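**Student:** quick one, what's the 3D model for this:
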Amino acid sequence: MSILIDKGTTVLVQGVTGKEGSRAAKEMLSYSTRVVAGVTPGKGGIKTDDNLPVFNTVRESLAKFPDINTTLIAVPGAYALEAILEAIWNKIPLINVLTEKIPVADVARAVALTKNAGVRIVGPSSVGILVPEVVKVGSIGSSELAARVFKPGPVGVVSKSGGMTAEISRILTEADIGQSTAVGIGGDLIIGSDFVDVIMEFERDRETEAVVIFGEVGGTYEEQLAERIGNGEIKKPIVCLIAGRFAAALPEDSVLGHAGAIVSRGRGSAESKIKSLSEAGAWIAETPEEIPEIVRKLL
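**Tutor:** As a prediction, this is how the structure comes out:
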């Protein structure tokens, strides 16, 4: 099994005529993902280089392809809220937001609206979701690398970093440990699906036996995960690689690579995350290379 996406996933690309949207559509199609259409306001009626029909609105695309159940948002940050809201209002169940640098207030509004709408946002700044040898959504795993980086297996991967989503999967694959699903949740201050949200999906997946996460300084998503592990809500073994210990030497409120990676004294530090997770019962990897050794003991 897998989580979030499967062979029945049918994808719309909002922003399909832009550079990022066009590239992501091509990559998804090359991985045999069923991408059926795109949306770019004002360009309805044309077709992309990959022969995808382009519509002016999400509603128009759903009228032609009512089985669309996933949309990839690949529009400039200033227009992302409008695109996300359009997907929410049309009740597309899974909204994967590739776009970076969306204003925090816009993300907060969009995420709040999903609570009672029956839809899920993964992202923003999400590299995507991939089920090895089955389907992928987003820009995760380029066509020439995916076959070497990902392989089917019993380990879930969840990462704030897009690059580390693939890197952790590669390290596992080279150790002959496959993945059930790899999910890039994004590293922004506010995201639609955090570690707990995704790992609870893995808890319900019978074929996932363990989960590896990549976290980093900033925010409290890792500490929230520790609480759920500690109270027994999450029972499957969780292996954690937390980056950013060096940030303790930086000035307070320094911003690092990701929008959510903000150093604040006594809150959101790598040390506090590692301490919370370790005390809750999670396994801590000091380096990426330690991950396969730990995972192998748990399977």
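**Student:** other SSEs contacting the helix or strand of the chain with the lowest mean pLDDT?
**Tutor:** When each helix and strand of the chain is scored by mean pLDDT, DSSP states H and E, helix 143-149 comes last, with a mean of 87. Other helices and strands packing on helix 143-149, by 3 or more CB pairs under 8 Å, 6 or more residues apart in numbering; DSSP states H and E, are helix 162-174. Glycine gets a C-beta too; all of them are placed from N, C-alpha and C.
**Student:** now with 10 Å, please.
**Tutor:** If contacts are counted by 3 or more CB pairs under 10 Å, 6 or more residues apart in numbering; DSSP states H and E, helix 143-149 sits against helix 19-30, helix 162-174.
**Student:** please convert those helices to JSON lines, extending it with distance to residue 93.
**Tutor:** Formatted as JSON lines, these follow (distance: least, CB to CB, whole Å):
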{"stretch": "helix 19-30", "distance to residue 93": "17"}
{"stretch": "helix 162-174", "distance to residue 93": "22"}
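**Student:** looking at the ones you listed, which is buried most?
**Tutor:** helix 162-174 (a mean of 21; mean count of other CB atoms under 10 Å).
**Student:** okay, the helices and strands packed on helix 143-149 in CSV with distance to residue 272 and mean pLDDT next?
**Tutor:** As requested, these are arranged in CSV below (distance: least, CB to CB, whole Å; pLDDT from 0 to 100):
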stretch, distance to residue 272, mean pLDDT
helix 19-30, 35, 98
helix 162-174, 20, 98
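**Student:** go through those helices and name the closest to residue 282.
**Tutor:** With CB to CB as the criterion, residue 282 lies closest to helix 162-174 of the helices and strands packed on helix 143-149, at 15.1 Å.
**Student:** how far off centre is that closest one?
**Tutor:** What separates the centre of helix 162-174 from the centre of its chain is 14 Å, taken as CA atoms, centre = their mean, to the nearest Å.
**Student:** so after it, what's the next helix or strand?
**Tutor:** strand 179-184 (DSSP states H and E).
**Student:** now do that following strand against helix 162-174, angle only.
**Tutor:** With axes from the mean of the first three to the mean of the last three CA atoms, to 10 degrees applied, the angle from strand 179-184 to helix 162-174 works out at 160 degrees.
**Student:** can you list the strands that strand 179-184 pairs with?
**Tutor:** strand 128-131 (antiparallel), strand 152-159 (parallel) (DSSP bridges).
**Student:** and the average pLDDT for it is what?
**Tutor:** For strand 179-184, mean pLDDT rounds to 99.
**Student:** what helices and strands are in contact with the following helix or strand past that strand?
**Tutor:** In the C-terminal direction, the helix or strand that comes right after strand 179-184 (DSSP H and E) is helix 195-204. Here helix 195-204 touches strand 120-122, strand 152-159, strand 179-184, strand 210-216, helix 221-230, strand 238-243, going by 3+ CB pairs under 10 Å, 6+ apart.
**Student:** what mean pLDDT does helix 195-204 have?
**Tutor:** 99.
**Student:** for that helix, list the C-alpha coordinates in CSV.
**Tutor:** Extracted in CSV, the C-alpha atoms of helix 195-204 (Å, rounded to 0.1, in the frame of the first residue of the first chain):
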residue,chain,number,x,y,z
PHE,A,195,5.0,15.4,10.5
VAL,A,196,2.1,14.2,12.7
ASP,A,197,-0.4,14.5,9.9
VAL,A,198,1.7,12.4,7.5
ILE,A,199,2.9,9.9,10.0
MET,A,200,-0.7,9.2,11.2
GLU,A,201,-1.3,8.1,7.6
PHE,A,202,1.7,5.8,7.8
GLU,A,203,0.3,4.4,11.1
ARG,A,204,-2.8,3.3,9.1
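**Student:** now find how far off-centre it is within its chain.
**Tutor:** 12 Å.
**Student:** just the angle between that helix and strand 152-159, please?
**Tutor:** Using the same axes, to 10 degrees: helix 195-204 against strand 152-159 is 170 degrees.
**Student:** which of the helices and strands packed on helix 195-204 sits closest to residue 139?
**Tutor:** That would be strand 179-184 among the helices and strands packed on helix 195-204, by CB to CB, at 9.1 Å.
**Student:** the closest one: how far from the chain's middle?
**Tutor:** Worked out by CA atoms, centre = their mean, strand 179-184 lies 9 Å from the chain centre.
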